[in-house]
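**Q** any chance you can model this:
(2 chains)
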Amino acid sequence: MTKKQQRKMTIIFGVIGVLLVAGIVMTAGSYTQEEDVVTVIRDSVIHDTNKIDLFGLEVNPGLIAGFAVTGILTVFALIVRIFVIPRFTLVPGKFQMVLEWLVGYFSGLSETNSPRKNRLLGAYVFAAGFYIFAGTMFELFGIQAVTTSGHSVALPAPLSDVNGAIMMGCTSYLFIVLGGILNNGVGGLGGALKEFSLPISMSFRLFGALVSGAIVTELVYHYMGLSYVLPVIIGVLFTCLHALIQAYVLTMLVALFYGEVSEPSEKKLSKLSAKAQKTKSQTA
Amino acid sequence: MPLGLNFTQIFLHLFNFLLLFAILYFLLYKPVKDFMEKRAKTYRDLDNETRTNLKESEETKALYDSKIANADSEISQMKQKSHQDIEKNREAQIKAAKDEAERIIKEAKDEAVREKERIMEEAQTEISEMVADATEKLALKATSSEAFDQFLNAVDLAEERGSKHEQ
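**A** Residues are numbered from 1 along each chain as shown, chains lettered A, B, ... in the order given. You can find the predicted model right below:
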């Protein structure tokens, strides 16, 4: 970059900074909130204030967000299945490459961590990763829903609801237990049950990570001095990072533990090696 | 329930997630993975085929290389053989020509001998005929001296002719 270009960039950023400060000063006092920050943060964690009516049942906005995400992903998957996949070519285009990369990544993750019976694991981590990523990105759209008290709330990430996070953690754990039973029978079940803290740690890791992101974003939105530009940057960056990191962490943990519990036991290994030796000697 | 825990909602989340899992598996994951596996198989087959073809072409190349390396010696051998054949043919032709010439000369000699014998026979026949004529004439027309002279002249004449024929 030449000196002239550097000067030009400095002037542009300086003008933007001055305009932002002017905006903050001039709009001071004109910004009001329906709820105070404590209530908002408490509701983000406990969900005891804002409820949404679902066929007569009062549920958290996170559940509605979950259904919305499933609906959106279903439509997306249908469109891809009907219009895109039949037109796949041997030399992939851009969109095909993205789809293949996604499937290849999760499939590779399962094959790397669990060399045996990994097709179901690949499908599970694909679905879980897709759900966590899409669900977290969903909160960026700020789709509004009306609460039972008549307020309007932006639908949050489905997994920022403690019930959603617990479901994901426990389902993942049950899937790991299932993998242990399928691969090693009762021995595999024992191996999986040894990791009894796993559902709690996975659930609350997911919940904590997503809620902390929501809290930081709410705090930024609630303070006037920070309400220009920063919320956009922080909101988008935090959400994208959460989406990627949480999808990666949960899928990686599931694949790792599944691989661990599906490893053949020493007894089984010695049986297998004896069988292999017998076959070898017979062939010889 | 503390912390807003609600089992109904947990089960609703679970139902939602299982539904999504099934949808994503059947609509996205399985078809894309099947396609990728099929394509990998196609490329694997192509790779194997290419390897086989490459091996075959390398073998063919080695064969032709060895043929090229032996070509010079083969050419010189063929040259030598053709020279030998030509020499044999030439000798055979010369021998045939010699035989033919000998045969012709022999035939010519035989013919000449036969011709000579024929001429001698003819000459003897003529002489005897002339002698008979002369004797006949002498006995019929002239005196004995004249007849004797005529007889002598006729004999001389016949001898001259015989010597000419011999030459």
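
**Q** low-confidence ranges, chain B, go.
**A** Filtered on pLDDT under 70, chain B yields the residue ranges B:1-3, B:141-147, B:165-167.

**Q** try the stretch 1-150 of chain A
**A** Along the stretch 1-150 of chain A, the parts satisfying pLDDT under 70 run over A:27-35.

**Q** need the residues of it near chain B, please.
**A** Counting by Cβ under 8 Å from any Cβ of the partner chain, the positions of the stretch 1-150 of chain A adjacent to chain B are A:45-48, A:57, A:59-60, A:63, A:66-67, A:69-70, A:73-74, A:77-78, A:80-81, A:85, A:88, A:90, A:99-100, A:103-104, A:106-107, A:122-124, A:126-128, A:130-131. No exception for glycine: its C-beta is placed from N, CA and C like everyone else's.

**Q** identify those among those residues that sit within strands.
**A** Mapping the residues of the stretch 1-150 of chain A next to chain B onto strands (DSSP state E) picks out A:57, A:59.

**Q** could you flag which of the residues of the stretch 1-150 of chain A next to chain B are buried?
**A** Neighbour counting over these (16 or more other Cβ atoms under 10 Å in any protein chain shown) leaves A:45, A:47, A:59-60, A:63, A:66-67, A:69-70, A:73, A:77, A:80-81, A:85, A:88, A:99-100, A:103, A:106-107, A:122-124, A:126-128, A:130-131 as the buried ones.

**Q** return the distance of the residue nearest to the spatial centre of chain A relative to residue A:80.
**A** Centroid-nearest residue in chain A, with Cα atoms, centre = their mean: residue A:132, separated by 2.3 Å. For residue A:132, the distance to residue A:80 under the criterion Cβ to Cβ, to the nearest Å works out to 19 Å.

**Q** likewise residue A:119?
**A** With distances taken as Cβ to Cβ, residue A:119 is found 20 Å from residue A:80.

**Q** so in chain B, which helix runs the longest?
**A** The helix spanning the most residues in chain B, taking DSSP state H as the definition, is helix B:30-140.

**Q** can you confirm whether that one lies near chain A?
**A** Yes - legend: contact between helix B:30-140 and chain A by Cβ under 8 Å from any Cβ is shown at B:30, B:31, B:32, B:33, B:35, B:36, B:39, B:42.

**Q** for those, I'd like a selection string for ChimeraX - just the buried members, please.
**A** To isolate in ChimeraX the members of the residues of helix B:30-140 next to chain A that are buried, counting by 16+ other Cβ under 10 Å, one can use:
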select /B:30,31,32,33,35,36,39
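
**Q** spit out the contact partners of the residue nearest to the residue nearest to the centre of chain A when sequence neighbours are not counted.
**A** The spatial neighbour of residue A:132 that comes closest, neighbours along the chain excluded (Cβ to Cβ, 6 or more residues apart in numbering or on different chains), is residue A:247 at 4.3 Å. When the contact criterion is Cβ atoms under 8 Å, 6 or more residues apart in numbering or on different chains, the partners of residue A:247 are A:128, A:129, A:130, A:132, A:133, A:136.

**Q** from residue A:134, how far off is residue A:247?
**A** Between residue A:247 and residue A:134 the distance, using Cβ to Cβ, works out to 9 Å.

**Q** my read is that residue A:57 contacts residue B:11, right?
**A** No - Residue A:57 is not in contact with residue B:11 according to Cβ atoms under 8 Å; the separation is 11.6 Å.

**Q** how many residues are close by the residue nearest to residue A:78 when sequence neighbours are not counted?
**A** Using Cβ to Cβ, 6+ apart and skipping the chain neighbours, the partner closest in space to residue A:78 is residue B:27 (6.3 Å). Applying the criterion other Cβ atoms under 10 Å in any protein chain shown, we find 20 residues in the vicinity of residue B:27.

**Q** go on, residue A:234?
**A** Other residues within reach of residue A:234 by the criterion other Cβ under 10 Å amount to 17.

**Q** ok, residue A:131 - contacts?
**A** For residue A:131, the contacting residues are A:69, A:73, A:158, A:168, B:17, B:20, taking Cβ under 8 Å, 6+ apart as the criterion.

**Q** widest-spaced pair of those?
**A** A:73 and A:168 (15.1 Å; Cβ to Cβ).

**Q** residue A:256: neighbouring residues, count only.
**A** Residue A:256 has 15 neighbours, counted by other Cβ under 10 Å.

**Q** quick check: it touching residue A:113?
**A** Yes - in terms of Cβ under 8 Å, residue A:256 counts as a neighbour of residue A:113; the distance is 5.4 Å.

**Q** can you redo the contacts of residue A:131 as CSV with distance to residue B:49?
**A** Listed next are the contacts of residue A:131 as CSV, based on distance: Cβ to Cβ, whole Å:
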residue, distance to residue B:49
A:69, 46
A:73, 40
A:158, 49
A:168, 47
B:17, 45
B:20, 42
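
**Q** closest to residue A:234 among these?
**A** For those, the nearest to residue A:234 is residue A:158 (21.0 Å; Cβ to Cβ).

**Q** neighbours of that closest one, how many?
**A** Residues contacting residue A:158 under the criterion other Cβ under 10 Å number 33.

**Q** for it, give me its contacts.
**A** With contacts defined as Cβ under 8 Å, 6+ apart, residue A:158 is in contact with A:62, A:63, A:65, A:66, A:69, A:131, A:135, A:138, A:164, B:13, B:16.

**Q** can I get the residues you listed in TSV including distance to residue A:264?
**A** Written out in TSV, the entries for these read as follows (distance: Cβ to Cβ, whole Å):
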residue	distance to residue A:264
A:62	40
A:63	40
A:65	41
A:66	37
A:69	38
A:131	31
A:135	36
A:138	41
A:164	35
B:13	34
B:16	35
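
**Q** from the residues you listed, which two are the most distant?
**A** Pairwise distances among the contacts of residue A:158 were taken by Cβ to Cβ; the largest, 14.4 Å, belongs to A:138 and B:13.

**Q** which ones are touching the nearest residue to residue A:202 once chain neighbours are set aside?
**A** Distances taken as Cβ to Cβ, 6+ apart place residue A:169 nearest to residue A:202, at 3.7 Å, with adjacent residues excluded. Going by Cβ under 8 Å, 6+ apart, residue A:169 touches A:198, A:199, A:200, A:201, A:202, A:203, A:204, A:205, A:206.

**Q** quick check: the third one is in a helix.
**A** Yes - under DSSP: H, G, I helix; E, B strand; the rest coil, residue A:200 falls within a helix.
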